[in-house]
Structure formats: C-alpha cells, structure tokens
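Enquirer: Below are the sequence and a predicted model; questions follow.
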Amino acid sequence: MSADATHPTRYWKRLPDGRVQCDVCPRHCKLHEGQRGLCFVRACQAGEVVLTTFGRSSGYCIDPIEKKPLNHFLPGTPVLSFGTAGCNLTCAFCQNWDISKSREIDILADEAPPERIARAAEALGCRSVAYTYNDPVIFLEYAVASAEACRARGIANVAVTAGYVCEEPRREFFAHMDAANIDLKAFDDRFYRKLCGGHLQPVLDTLQYLKHETDVWFEMTTLLIPGENDSTQELEAAARWVADELGPLVPWHFTAFHPDYRMRDKPHTGMEILTRARKIARDHGLRYVYTGNVHDEEGGCTPCHACGERLIGRDWYTITHWNLTDSGECRSCGAPCAGVFDRGPGDWGAKRQPVRLADFAETELSRVS
C-alpha cells in the first residue's frame, strides 16, 4: 500500500485514560495505540485517529443508477461506483460481505486519488459517482475529497449507506452528496442489536435529517428477511412512521434476501412477501414503492399518483417506458413526479462495466477525454 493511504481525520477526541475515541459513528470506538475500530479502516496512530485507506479501493465499476437503487435520480444514466473495505455494522446477512467484512488490505488493489476519480468519471461519460459496496461514512474523508473533485467537474455524488453516523460528521458528509439511498434494515431495535450490532434510532435520525435539513434526493431500501423483519405488524409501523415523518414522496425499495454470509439457513424472500410489503406502504399513502432483487416489472415501474398511468417502465435495470415531460410531469395529466430528472432517460441500460482507475493516469485521461 502506498504511503498516502493514511490520512488525518477530525471526528475523534483523547480520553483521560490515554485512549482515543472515534466519533464518526455511534459505536464510539475507544482505541489504544495501534488498534483499529470495528470498521477496520479507522485506527489510532501516533495518538490520533487516522483513515488508513485514503485513495485506495476494492474496485471500480460503472453501474446503472437503478442498481444503487435510485429510481428517481437521473434514470438510465451510468454511475461510477466504488468502495473500500470494512463496515461499522456487523450485519449477519450482509450481501457484500466479501468487501464490507474484509480485514485484508490486499483487496484494496486499485489506487486512485480523488482528482483521478473525477477525471475518470468525466472521461467515461458518467453522470455521477457512487460511494458504495461498503458504507462510505467510514471512509468519510476520502468520499468528501472525491465528492469535491467531482462537483468541480459537474459530476454528481451518490451515497449508498446505512445512515449509521453521528450528527457532526453526518452534516459534513451529506453536504457533499446530491443523492443517497439509505438502508433501513428493519423497524425494530432488537433486529439492529441482534443482527447488525447497532441501533435503529441513529438511522431514523439520518432519515429525518435528510428530509428536513437538506436538499439531498434520497430513497430507502429494506432487505426483507423471512421471519426476521417481514411481519405485517412491523411493516405497518414502519410505513406509518415514513408517511408521518418523511412524507409520501420518498421512494422505498423492498428487496429480496438470498442466503449469504452468516444467514445461510434462511430461505429466499418469496414474491408474496415483497408484494405484501409494497401494498402496505402504498396503503399508507406512499407514492413510490418498489420491489427489487426479483424480476417484477409491475413492482419496478413508477405510476402517476394522480391518474395511474405508467410514468417510467423498468425491466430489471433497463428503462422500457418514459411518460414524463421535460419538466418531470405526467404527460397524461400533468401531475408532477418527485425526483431529479433530465429531459429524457439515459440509455445506459443494465450494463455493468468494471474499470481500473490505474489505467486512467494523466496521459491516459488526456487521450480518452
């Protein structure tokens, strides 16, 4: 690993017993010299908390924006996606466990300073860059520096996060984001404690912060695990809270679980569970509710809340129908559709294109641009 991978941080304090406390997330890891936090990437070095993975990634890939998932933010456009290693939650059902649970620096094989990320996104025709695969709040300094470089070139920034972050770093982090998908893992603190090693309230705080104190476009995802977070009672309570606290315009994605990591004994999520969850949310007045990780064209489409006409049709990650005006209104009745839209959809489709940022050095970028 190159010498510039270690980077100073701000959200920490010294404790009377000689340890340092990291204050990026509600875990508040207390570290002796040489120790790492649970997230793995923040460590105590020379009596300070540093980020040990600045400028390093587990890989870069151009994805459809719908894969984040974001259905109402620049539909059909490509997004350059990357993550690092580690996570500040310990989800037993993690679907990206090979990255988020990694304790191996060796997976951080792709070196890219923030300016190179921005230049590569521009050269590759990406409308946005996504900080994803593992939770970007743990590599906050790298994400923020990259976001600043991207904004300078007109590239939007997207956070895919569980929202498990403290108040002050939350303000800084989301000040640099244009869109986010927040992983609301359940509406039950017991679930968070038992299966994620965290708590529900900080995530709800993040959702309320985004809604009431920022202009960030955000959507939510809940991975439904049979027998764990899919009861009608819990889904009803969650839908009431979302409707009351966030309003009807926040898109909500209910996605199917597949057995993985430490929960291989659970069955796949059946379509009936996803359909029931979608109906409950819609019955509580939420306009944009989707199913994911399954082939369900009806559950992937965006209907007009006023006249019922299909506004955006989707087949997996491909846009199949577009019925919005240039100003984002239903062509049939004129009702507005919430979101951030271009004059028309992009045509990236469902392609997934791995990228090596090492191939985009200054000389290569000038040749590609």
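Expert: Great, that's in hand.
Enquirer: Please, where are all the helices along the stretch 51-200 of the chain?
Expert: 97-100, 114-123, 140-152, 167-175, 189-191 (DSSP state H, counting those that start in this stretch).
Enquirer: Give me the domain ranges for the chain.
Expert: Listed domain ranges for the chain are 3-51, 56-292+336-355 (source: automatic domain parsing).
Enquirer: In a markdown table, list those domains along with mean neighbour count.
Expert: From N, CA and C alone the C-beta is placed, and that goes for glycine too. Formatted as a markdown table, the domains of the chain follow (neighbours: other C-beta atoms under 10 Å):
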| stretch | mean neighbour count |
| --- | --- |
| domain 3-51 | 17 |
| domain 56-292+336-355 | 20 |
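Enquirer: picking up where we left off before, closest one to Pro248 among the helices of the stretch 51-200 of the chain?
Expert: Smallest distance to Pro248 across the helices of the stretch 51-200 of the chain (C-beta to C-beta): 21.9 Å, for helix 167-175.
Enquirer: That closest one - contacts with which helices or strands?
Expert: helix 140-152, helix 201-213 (3 or more C-beta pairs under 8 Å, 6 or more residues apart in numbering; DSSP states H and E).
Enquirer: Is it possible to get CSV of the domains of the chain that adds distance to Trp322 and mean pLDDT?
Expert: Shown next, in CSV, are the domains of the chain (distance: least, C-beta to C-beta, whole Å; pLDDT from 0 to 100):
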stretch, distance to Trp322, mean pLDDT
domain 3-51, 39, 95
domain 56-292+336-355, 5, 93
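Enquirer: can you redo those as a markdown table with distance to Cys330?
Expert: Shown next, in a markdown table, are the domains of the chain (distance: least, C-beta to C-beta, whole Å):
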| stretch | distance to Cys330 |
| --- | --- |
| domain 3-51 | 41 |
| domain 56-292+336-355 | 7 |
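Enquirer: right, and the ones you listed - which one's nearest Thr325?
Expert: Short answer: domain 56-292+336-355, nearest of the domains of the chain by C-beta to C-beta, at 8.8 Å.
Enquirer: about what we covered before: I'd like the helices and strands packed on helix 167-175 as CSV, with distance to Phe254 appended.
Expert: CSV is the format used below for the helices and strands packed on helix 167-175 (distance: least, C-beta to C-beta, whole Å):
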stretch, distance to Phe254
helix 140-152, 27
helix 201-213, 16
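Enquirer: looking at these, which is closest to Leu89?
Expert: helix 201-213 (9.8 Å).
Enquirer: just checking, what packs against the closest one?
Expert: Packing partners of helix 201-213 (3+ C-beta pairs under 8 Å, 6+ apart): helix 167-175, strand 179-183, strand 217-224, helix 232-245.
Enquirer: That one vs helix 167-175, what angle?
Expert: Relative orientation of helix 201-213 versus helix 167-175 (axes from the mean of the first three to the mean of the last three C-alpha atoms, to 10 degrees): 50 degrees.
Enquirer: nearest to Asn323, of the domains of the chain?
Expert: Across the domains of the chain, Asn323 has its closest neighbour in domain 56-292+336-355 (9.3 Å, C-beta to C-beta).
Enquirer: Next, the distance between the ends of the closest one.
Expert: One end of domain 56-292+336-355 sits 14 Å from the other (C-alpha to C-alpha, to the nearest Å).
Enquirer: one step back: okay, the helices and strands packed on helix 201-213 in CSV with distance to Leu311 next?
Expert: Converted to CSV, the helices and strands packed on helix 201-213 look like this (distance: least, C-beta to C-beta, whole Å):
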stretch, distance to Leu311
helix 167-175, 27
strand 179-183, 19
strand 217-224, 16
helix 232-245, 21
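Enquirer: Figure out which of the ones you listed is closest to Gly198.
Expert: Smallest distance to Gly198 across the helices and strands packed on helix 201-213 (C-beta to C-beta): 11.3 Å, for strand 179-183.
Enquirer: If you count contacts, what does that closest one end up packed against?
Expert: Against strand 179-183 (3+ C-beta pairs under 8 Å, 6+ apart) you get strand 156-161, helix 201-213, strand 217-224.
Enquirer: got the angle between the second one and strand 217-224?
Expert: Angle, helix 201-213 to strand 217-224, by the same axes, to 10 degrees: 150 degrees.
Enquirer: by how many degrees do helix 201-213 and helix 232-245 diverge?
Expert: Orientation note: helix 201-213 sits at an angle of 30 degrees relative to helix 232-245 (the same axes, to 10 degrees).
Enquirer: Can you pull out the residues in contact with helix 201-213?
Expert: Contact with helix 201-213 is made by 25-26, 162-167, 170, 174, 180, 182-185, 189, 192, 216, 218, 220, 241, 245-247, 250, as judged by C-beta atoms under 8 Å, 6 or more residues apart in numbering.
Enquirer: Nearest to Asp315 among the domains of the chain would be which one?
Expert: Of these, nearest to Asp315 by C-beta to C-beta is domain 56-292+336-355, at 8.4 Å.
Enquirer: Give me the distance between that closest one and the centre of its chain.
Expert: How far domain 56-292+336-355 lies from its chain's middle: 2 Å, per C-alpha atoms, centre = their mean, to the nearest Å.
Enquirer: Just the CA trace of stretch 38-45, in PDB.
Expert: The C-alpha trace of stretch 38-45 is given here as PDB (Å, rounded to 0.1, in the frame of the first residue of the first chain):
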ATOM      1  CA  LEU A  38     -14.600  -2.100  14.400                       C
ATOM      2  CA  CYS A  39     -14.900  -0.600  10.900                       C
ATOM      3  CA  PHE A  40     -11.300  -1.700  10.300                       C
ATOM      4  CA  VAL A  41     -10.300   1.400   8.300                       C
ATOM      5  CA  ARG A  42     -10.000   4.000  11.100                       C
ATOM      6  CA  ALA A  43      -7.100   3.400  13.500                       C
ATOM      7  CA  CYS A  44      -5.100   5.000  16.300                       C
ATOM      8  CA  GLN A  45      -1.700   6.100  15.100                       C
END
